[in-house]
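*Asks:* no sequence on this one, just coordinates:
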C-alpha cells in the first residue's frame, strides 16, 4: 500500500503568508475567448498580487477589469509535500503615480528582455489554498 499525504485546507491569512515565499506563479486569463495560462513573476503588494507586463492579452484583461485567476505553489514530488494557493479577482491597471514609482524600482523586475511598462493589480477577492503534509511512513529520497 502506498503512503498518502495529508491534505490541509488553508485559510486566507495562511495563503497570503505563503505567497511571498515564491517569486513565480501562473496567471489564468481569457485570450481570444479561450483560457490562457502564463507564468509570471509577481509580488504581493498591500495584500494584492502585482505583475508587470508589456502589453497583449494580459494588459487587455486588466484594462477591461476582467476576472482572472492566479496560482502559485511550492511542491516537492519526492516528499509528496508542499502547498498551492489560488487567487481569483478582478485585474486592474495601476495608474497611481506613487504606487508606480514604488513598484518600478528593483522591487518587481522583469525576468525577460524588453520593456514591461504596465503594472497590473489582481484583487484578492477569493483566496484558497491547500497544503500537503508528507506521509509519516514515506521512505527518505535517495
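*Replies:* Sure, I can see it. Keep in mind it's a predicted model, so treat the numbers as computed, not measured. Numbering: from 1, shown residues only.
*Asks:* Quick check: which ranges of the protein have low pLDDT?
*Replies:* 1-5, 59, 105-116, 136-142 (pLDDT under 70).
*Asks:* mind listing the helices for it?
*Replies:* Counting by DSSP state H, the chain has helices at residues 12-18, 56-63, 97-104.
*Asks:* Out of these, which is the most enclosed?
*Replies:* Compared across the helices of the chain, helix 56-63 shows the largest average neighbour count, a mean of 18 (mean count of other Cβ atoms under 10 Å). To be clear about C-beta, it is placed using only N, CA and C from the backbone, and glycine gets the same treatment.
*Asks:* Mind giving me the packing neighbours of it?
*Replies:* strand 24-31, strand 34-45, strand 48-53, strand 81-93, strand 118-122 (3 or more Cβ pairs under 8 Å, 6 or more residues apart in numbering; DSSP states H and E).
*Asks:* quick one: that helix to strand 48-53, angle?
*Replies:* With axes from the mean of the first three to the mean of the last three Cα atoms, to 10 degrees as the basis, helix 56-63 and strand 48-53 are set at 140 degrees to each other.
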